[in-house]
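just a sequence and a predicted model for now, questions to come.
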Amino acid sequence: MNPVLELAQQLIARRSLTPDDAGCCELIGARLQKAGFKLEYLNAEGVTNLWATFGSGAPLTILAGHTDVVPTGPLDQWHSDPFTPTVRDGVLYGRGAADMKSGIAAMVCATERLTAAKKIKGTLALLITSDEEGAAQHGTKHAVTVLKMRGLKPDYAIVGEATAAEKLGDRITIGRRGSLGCNLRVLGKQGHVAYPDKADNPIHRLTAALAELSTTVWDKGNAHFPPTSFQISNLKSGTGANNVIPGEAEAVFNFRYCTESSADSLKLRVNGVLERHCPKHEANWWHTGEPFLTRHGKLIAAAQAAITEVTNLKPLLFTGGGTSDARFLAPWGAEVVEIGPVNDSIHKLNEHVIVADLERLSSIYEKTLLKLFA
């Protein structure tokens, strides 16, 4: 059997709903230990974090990934059990097939070949967590904090997220936008709709503020990033009666912001709008990551060359999509890229990956590492 496919199936069969690792890291660790890696678990608050290293000295290159997966959704809408890995017509189906157990399997098999051939000149590490799809506070973020305190600083990091758009190798993620969100509560005064002078309608105040926020140009982006975007995801208000002005209204909104803005600057501008329209409000902000960009250097060059050798494609350098654990690795000082399978089925029903892409992805990782260690 294809060794990457075999390992991917073993991982998919484990019901690792975030933040449960469900034994995935134990399986991976046993493989890596047999290949000569030193294992350490940097677990926190029920989250499994495997740190495995091989070799010594520079460069320190990290392969990073997560074993946790999102919930399956309605089981009756899956064509096969999501935790029974199934191959049909050259496609592997199962929760985590694309995001990102196939990426981890490809990484592990690539490292096994490299260690057996004694091709590692420096330090190769794998950082595998079970807290990427959830709160992401006790996974890679925690492990990086611990490793930073030891004085470790990586040179390169490759994250195995599903980043390809239509074909394996058609793009590399070299940066991510920051994410800033807010749970907003606007306070008014409840009353009868026939006597608005005796009430204060928070819906009117909130919608006026949101209208201004949704039409504001926050920045114009730059050569690497699109402009910062503002999106409202939730609205809530009303008592259920059609003749009552409610006493409060709530909204949830999110910024995906580029390097032309900062979390602080966005908060300041939003607060100005809220003060004008909603003098009585409560804003609970949450910030899940700063934007980052990996400049063209040895890692991007190595990844581009490896992808072209394997797929004959010239990958697009991409900075879109959501957040990933790369947001914790980039500030650590590493050049970071994300390379993985096609992402059109991630988080969806009948998640899948093309079987033929598994060995090719493993080969991309192997060739990229060979160029970095050369």
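Here it is on my side, so go on.

can you give the contact residues for the strand or helix carrying Val336?
Element membership of Val336 [criterion: DSSP states H and E] is strand 335-338. Residues from elsewhere that reach strand 335-338, judged by CB atoms under 8 Å, 6 or more residues apart in numbering: 155-161, 163, 172-174, 292, 294-295, 297-300, 303, 324, 326, 329-330. The way it works is simple: take the backbone N, C-alpha and C, and place the C-beta from them, glycine included.

quick check: pLDDT value at the residue nearest to Gly90 when sequence neighbours are not counted.
Once flanking residues are discounted, Gly90 sits nearest to Val355: 5.2 Å by CB to CB, 6 or more residues apart in numbering. Val355 is assigned a pLDDT of 98 by the prediction.

tell me where the model's unsure across this protein.
Residues of the chain meeting the criterion pLDDT under 70: none.

surely Pro19 touches Ser130?
Yes - in this structure Pro19 lies within contact range of Ser130 using CB atoms under 8 Å: 5.1 Å.

joint contacts of those two?
Common neighbours of Pro19 and Ser130, counting by CB under 8 Å, 6+ apart, are 47, 68, 139.

reformat those residues as TSV; add secondary structure, distance to Asn201 and neighbour count.
As requested, the shared contacts of Pro19 and Ser130 are arranged in TSV below (DSSP: H, G, I helix; E, B strand; the rest coil; distance: CB to CB, whole Å; neighbours: other CB atoms under 10 Å):
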residue	secondary structure	distance to Asn201	neighbour count
Val47	strand	44	26
Asp68	coil	43	26
Gly139	coil	43	31
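
re earlier: which one of Pro19 and Ser130 is surrounded by more residues?
More crowded of Pro19 and Ser130, by other CB atoms under 10 Å: Ser130, with 27 against 23.

before we move on, back to that, in strands only, show me the contacts of strand 335-338.
156-159, 172-173, 292 (DSSP state E).

and the spatially most central residue of the chain, how far from Asp81?
Among the residues of the chain, Ser324 comes closest to the average C-alpha position under CA atoms, centre = their mean, at 2.1 Å. Here the criterion is CB to CB, to the nearest Å. By it, Ser324 lies 27 Å from Asp81.

also Asn312?
Counting by CB to CB, the gap from Asn312 to Asp81 is 36 Å.

likewise for Ala117?
According to CB to CB, Ala117 and Asp81 sit 38 Å apart.

higher neighbour count, those two?
Ranked by neighbour count (other CB under 10 Å), Ala117 and Asp81 place Asp81 first, with 14 against 10.

so that one: helix, strand or coil?
Secondary structure, DSSP: H, G, I helix; E, B strand; the rest coil: Asp81 is coil.

and the nearest residue to it once chain neighbours are set aside, backbone torsions?
Nearest non-adjacent residue to Asp81, counting by CB to CB, 6+ apart: Leu75, 7.5 Å away. Leu75 adopts backbone torsions of phi -60, psi -30, taken as degrees, to the nearest 10.

just the strands in the stretch 151-300 of the chain please.
156-159, 171-173, 175-176, 178-187, 191-192, 229-237, 244-245, 248-257, 281-289, 292-293 (DSSP state E, counting those that start in this stretch).

oh, that last question was meant for the stretch 1-150 of the chain, not what I typed.
Ranges of strands within the stretch 1-150 of the chain are 38-41, 49-55, 60-66, 86-88, 91-93, 123-129, based on DSSP E, counting those that start in this stretch.

please identify the deepest-packed of these.
strand 60-66 (a mean of 27; mean count of other CB atoms under 10 Å).

name whatever forms a beta bridge with Phe292.
Per DSSP bridges, the residues bridged to Phe292 are Arg176.

how close does it sit to Ala116?
34 Å.

and Glu6, by the same measure?
Distance of Glu6 to Ala116, given as CB to CB: 17 Å.

what's the answer for Gly151, then?
30 Å.

next one: Leu63
Counting by CB to CB, the gap from Leu63 to Ala116 is 16 Å.
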